[in-house]
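>>> Okay, structure incoming, though there's no sequence with it:
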């Protein structure tokens, strides 16, 4: 229960105002409650107390991303990756921010890096499929959507976009099974 966590953690900060772990946990609870600005304040305090706290940098990036502040999120994810470079989920989120800000080449490179670290990451294939779909590059879209639904068969958005790519490339009969 995130509300209970907030009630229990706030008094702990009265005892130790610089406790990075308490600030981080409180920030996560606030994020779950949708209180992203307050959460960011606690993630920033966690990083101030422990500058090499990759999880806090990632959480700060997540809060910025939720608020649509993609350039700030990019900076925080980059910081997290400088601390802990082999983090496929951080790369996935960073790639999404690049994509949201129109930095398509950077998004592609970042999603590919995530796949090097975690080849079965369906979301990275899905995002690469979306980029190819937007560019009307049907073979690339089909390849990545097929990988996404193979890795995660219960991924309805990937099935739908896979069907759209198949349909757009003239493969109508194959598309039908993915629309279900």
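Looks like it came in fine. In this text, all values refer to a predicted model and were calculated from it rather than measured experimentally.
>>> Low-confidence stretches in this protein?
Scanning the chain for pLDDT under 70 picks out the ranges 180.
>>> outside of the helix or strand containing residue 73, which residues touch it?
Per DSSP states H and E: residue 73 is located in helix 70-83. Helix 70-83 is contacted from outside by 52-55, 57-58, 60-62, 64-65, 87, 90-91, 93-94, 97-98, 100-101, using CB atoms under 8 Å, 6 or more residues apart in numbering. Just so you know, the C-beta spots here come from the backbone N, C-alpha and C atoms, and that holds for glycine as well.
>>> Equivalent analysis for stretch 119-139, please.
If you take CB under 8 Å, 6+ apart as the criterion, stretch 119-139 is touched by 88, 91-92, 95-96, 99, 104, 107-108, 111-112, 114-115, 118, 140-145, 147-149, 151-152, 155, 157-158, 161-162, 164-165, 168-169.
>>> Over to stretch 152-167?
So stretch 152-167 is in contact with 122, 125-126, 129-130, 132-133, 138, 141-142, 145-146, 148-149, 172, 174-180, going by CB under 8 Å, 6+ apart.
>>> ok, now with 6 Å
122, 126, 133, 138, 141-142, 145, 148-149, 174-175, 178-179 (CB atoms under 6 Å, 6 or more residues apart in numbering).
>>> Now do the buried residues in that stretch.
152, 155, 158, 159, 161, 162, 163, 164, 165, 166, 167 (16 or more other CB atoms under 10 Å).
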